[in-house]
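[1] Sharing a model that was predicted from the sequence below.
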Amino acid sequence: MTLVFRPKIDRWLAVLLAGCFLLPWGLAGWLSYRGEGEAALVLVLVGSVDLFLARALLWPMRYEVTPEAVIVRAGLVRLRVPYERIRRIVAHHPLRDFSLRALSFGFSLREALRIEYGHVQRPSWLVIAPEAVDAFLEAVARHDPALHRIGPRELVRASATPD
């Protein structure tokens, strides 16, 4: 049975992103009003490419817990993390746990979870932010009995073998 979880979206972050996507269009309107049509056209093209990329790579976003793996879908991107590769799932603090290795598929800075998977010496991180964090963690723990809940927002593999 597959369980689907929607992402939690912080309102202030959504407003900030919407403002960033609408800024080129607003500047294009202002430049067009001033009679600078070529510059306005360039900004309309830049804004269109931004919206297209955001639509193709970010929306719709959802997290699926299947019997075999956790699957993250964001636009055309589909990332699959099998349960046996998951080392732990913990609360993610973006300022304290900043890493360029982390792939982030969440729009909440306060409610994010970090899935650490792969090698013990150098794990990969996947940052997600499901709306129902507790239900997500319970669903993952149900599908992999080796993952045990040890805290309010923490699942750890009981028999972690070093790679």
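    Here it is on my side, so go on. Just so it is clear, the structure is predicted and the values come from calculations on it, not from any experiment.
[2] CA atoms only for stretch 32-48, dumped as PDB, please.
    Extracted as PDB, the C-alpha positions of stretch 32-48 are listed here (Å, rounded to 0.1, in the frame of the first residue of the first chain):
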ATOM      1  CA  SER A  32       7.400  48.800 -21.300                       C
ATOM      2  CA  TYR A  33       5.600  51.700 -19.800                       C
ATOM      3  CA  ARG A  34       8.800  53.800 -20.100                       C
ATOM      4  CA  GLY A  35       9.100  52.800 -23.800                       C
ATOM      5  CA  GLU A  36      12.000  50.300 -23.500                       C
ATOM      6  CA  GLY A  37      10.400  47.400 -25.300                       C
ATOM      7  CA  GLU A  38      13.500  45.400 -26.000                       C
ATOM      8  CA  ALA A  39      14.500  45.200 -22.300                       C
ATOM      9  CA  ALA A  40      11.000  44.500 -21.300                       C
ATOM     10  CA  LEU A  41      10.900  41.600 -23.800                       C
ATOM     11  CA  VAL A  42      14.100  40.100 -22.400                       C
ATOM     12  CA  LEU A  43      12.600  40.200 -18.900                       C
ATOM     13  CA  VAL A  44       9.400  38.600 -20.100                       C
ATOM     14  CA  LEU A  45      11.500  35.800 -21.600                       C
ATOM     15  CA  VAL A  46      13.600  35.400 -18.400                       C
ATOM     16  CA  GLY A  47      10.400  35.300 -16.300                       C
ATOM     17  CA  SER A  48       8.900  32.700 -18.600                       C
END
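[3] Buried by neighbour count: which residues of it qualify?
    By neighbour count on 16 or more other CB atoms under 10 Å, the buried set for stretch 32-48 is 40, 43-44, 47. Quick note: C-beta positions are derived from backbone N, CA and C, even for glycine.
[4] all strands for this structure, in order.
    3-5, 61-65, 69-74, 77-82, 86-91, 102-105, 113-118, 123-128, 147-151, 154-157 (DSSP state E).
[5] about what we covered before: could the buried residues of stretch 32-48 be laid out in CSV, adding pLDDT and distance to Gln121?
    CSV is the format used below for the buried residues of stretch 32-48 (pLDDT from 0 to 100; distance: CB to CB, whole Å):
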residue, pLDDT, distance to Gln121
Ala40, 94, 52
Leu43, 93, 47
Val44, 94, 48
Gly47, 91, 43
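[6] Turn these into JSON lines, including distance to Leu57.
    What follows is the buried residues of stretch 32-48, written out as JSON lines (distance: CB to CB, whole Å):
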{"residue": "Ala40", "distance to Leu57": "26"}
{"residue": "Leu43", "distance to Leu57": "21"}
{"residue": "Val44", "distance to Leu57": "21"}
{"residue": "Gly47", "distance to Leu57": "16"}
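[7] Many thanks, have a good one.
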